[in-house]
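sequence plus the predicted model coming up.
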2 protein chains.
Amino acid sequence: MSTQDIKIMADINAENDKIAARTQKMLNDKGIFCVNVIGAPGAGKTSCLIRAIEGLQGIKCYVVEGDIQSDIDADKLNALGIEAVQLHTGGACHIDGTLLETTLPALSLNEKGVLFIENIGNLVCPAEFNIGENIKLLIVTVADGADKPYKYPLAFEKAEAILLNKADLLPYVDFDMDYFLRGVKALNPKAPIFTVSAKTGDGFSEVSKWLKANF
Amino acid sequence: MSTQDIKIMADINAENDKIAARTQKMLNDKGIFCVNVIGAPGAGKTSCLIRAIEGLQGIKCYVVEGDIQSDIDADKLNALGIEAVQLHTGGACHIDGTLLETTLPALSLNEKGVLFIENIGNLVCPAEFNIGENIKLLIVTVADGADKPYKYPLAFEKAEAILLNKADLLPYVDFDMDYFLRGVKALNPKAPIFTVSAKTGDGFSEVSKWLKANF
């Protein structure tokens, strides 16, 4: 990158962080805890959100569903009675502070609770941007292989908690759990790792317990 | 985007396309056909490449392994006697024309054959950039769900061929094949779709046959 490129990137990031801080303050003033959900396409982000929200009964949950296009995920959540709005990035590979700020007025945000932002399916770019969250929740799967922390380190470094989803497929895939855990721990010794299956619901009581203890 | 942003993007894309065209001409003058392999993290891109190369016996194959970091994939290919070089993007979410052009001198490229470029695991950004390829080969999996064409349309639109990998997991996942195929056909009626398993090798004889017929 040239010095000018670096200057432009620094300006873009500083402006983004300013907007993200404003969003976080607005949400936290209302007693709303914000979770930025990051994972590759097909990691099961929406299914995991539904399981996590089931475990937070009695707590108001809001969802922003980020996608390049399609309303599939917001429709799924609304059908379950969850207050959700779809955010379309129109091609962009991540949600930034501005996109989230301009989307939030579509939610009521009139009760204390939790706001989940499901980011674009992408293990690279979303990890680079704060958007107003209190924590980043990373979702990866046993079907995608144990080498992900070695190949996509930033997402693992930045996560406050990690869900290892699709555990129901463990008998049918070659997943080296020790290698995976070693990779994660080297990048991020603090984040808890929950082995879960959104299909069966296994492991989500621990996730909900952890979420409740952290907001 | 502001008019200035659009102007900057247009300049970046025009410069990238110029470099990509130069790379493509250099390769094709040497009788080397170039395949840009695109897919999400964990789609099995490297395993599929190994299977495809097994099916191209007698044809010289070269590989550029793109990753943000780690040499895991190039090491795997070199151990199998395949001429491969690792390209590190150092954080960037896709390979661009310049990155490829500066990496290619590390390969001999002294025989006719096929050059596979394994792009960064990302279903969004790599589809936006030509890097010098003759074709884009998209790899998706049954474990990632049937809604991918609806959520990540550009990668499907741009592909000359599509591999639906991890077919060995079909009995254990809820994958609506009709819904998937309808989504792909609506975006790209021409590209052949090969249902394969890099784990068992199923389906790869058809892939190799198609590749041979197209270069």
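Thanks, I have the structure now.

for chain A, give me the ranges with low pLDDT.
Where chain A drops to pLDDT under 70, the residues are A:1-6.

show me what the longest helix along chain A is packed against.
Longest helix in chain A by number of residues (criterion: DSSP state H): helix A:3-29. Counting contacts by 3 or more C-beta pairs under 8 Å, 6 or more residues apart in numbering or on different chains; DSSP states H and E, helix A:3-29 packs against strand A:32-39, helix A:97-103. For glycine as for every other residue, the C-beta is placed from the backbone atoms N, C-alpha and C.

format those as TSV; extra columns: distance to chain B and mean neighbour count.
TSV is the format used below for the helices and strands packed on helix A:3-29 (distance: least, C-beta to the nearest C-beta, whole Å; neighbours: other C-beta atoms under 10 Å in any protein chain shown):
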stretch	distance to chain B	mean neighbour count
strand A:32-39	9	25
helix A:97-103	11	18
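
distance to residue A:65 added to the ones you listed, as CSV?
Shown next, in CSV, are these (distance: least, C-beta to C-beta, whole Å):
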stretch, distance to residue A:65
strand A:32-39, 10
helix A:97-103, 10
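
ok, which of the ones you listed comes nearest residue B:132?
strand A:32-39 (30.7 Å; C-beta to C-beta).

who's in contact with the spatially most central residue of chain A?
In chain A, the residue lying closest to the centroid (C-alpha atoms, centre = their mean) is residue A:37, at 0.5 Å. Residues near residue A:37 by C-beta atoms under 8 Å, 6 or more residues apart in numbering or on different chains: A:45, A:48, A:49, A:116, A:117, A:118, A:119, A:136, A:137, A:139.

so how far is residue A:22 from residue A:13?
According to C-beta to C-beta, to the nearest Å, residue A:13 and residue A:22 sit 15 Å apart.

return the residues of chain A in contact with chain B.
For chain A, the contact set with chain B under C-beta under 8 Å from any C-beta of the partner chain comprises A:40-42, A:44, A:67-70, A:72, A:91, A:93, A:120-125, A:128, A:141, A:143-145, A:147-148, A:150-154, A:166, A:168-169, A:172-174, A:199.

what about residue A:95, helix or strand, and which?
Using DSSP states H and E, residue A:95 sits in no helix or strand.

and for residue A:120?
Here residue A:120 is assigned to no helix or strand, by DSSP H and E.

wait, it sits on residue A:93?
Yes: if you go by C-beta atoms under 8 Å, residue A:120 and residue A:93 touch, sitting 5.8 Å apart.

what sits up against stretch A:75-88?
Outside stretch A:75-88, the residues that reach it (C-beta under 8 Å, 6+ apart) are A:46, A:49-50, A:53, A:60-69, A:71, A:73-74, A:95, A:99-100, A:103, A:106-108.

can you give me the buried ones in the longest helix of chain A?
A:16, A:19, A:20, A:23, A:24, A:27 (16 or more other C-beta atoms under 10 Å in any protein chain shown).

for stretch A:132-144, same thing?
Here stretch A:132-144 shows A:132-144 as buried, counting by 16+ other C-beta under 10 Å.

do the same with stretch A:69-80
A:70, A:73, A:74, A:76, A:77, A:78.

quick one: the helices in chain A?
A:3-29, A:45-54, A:72-79, A:97-103, A:148-151, A:153-158, A:177-187, A:204-214.

those: which one's closest to residue B:192?
Here helix A:72-79 is closest among those (C-beta to C-beta), at 25.7 Å.

starting at the chain centroid, how far to the closest one?
How far helix A:72-79 lies from its chain's middle: 17 Å, per C-alpha atoms, centre = their mean, to the nearest Å.

what angle do that helix and helix A:45-54 make?
20 degrees (axes from the mean of the first three to the mean of the last three C-alpha atoms, to 10 degrees).

let me know the closest of the buried residues of helix A:3-29 to residue A:207.
Nearest to residue A:207 among the buried residues of helix A:3-29, with distances taken as C-beta to C-beta, is residue A:27, at 20.8 Å.

looking at it, that closest one is touching residue A:116, isn't it?
No: taking contacts as C-beta under 8 Å, residue A:27 lies outside contact range of residue A:116: 11.8 Å.

how near is the spatially closest residue to residue A:55 that is not a sequence neighbour to residue B:128?
Residue nearest to residue A:55 in three dimensions, not counting chain neighbours: residue A:208, with 2.8 Å by C-beta to C-beta, 6 or more residues apart in numbering or on different chains. Look at residue A:208 and residue B:128: by C-beta to C-beta, they are 38 Å apart.
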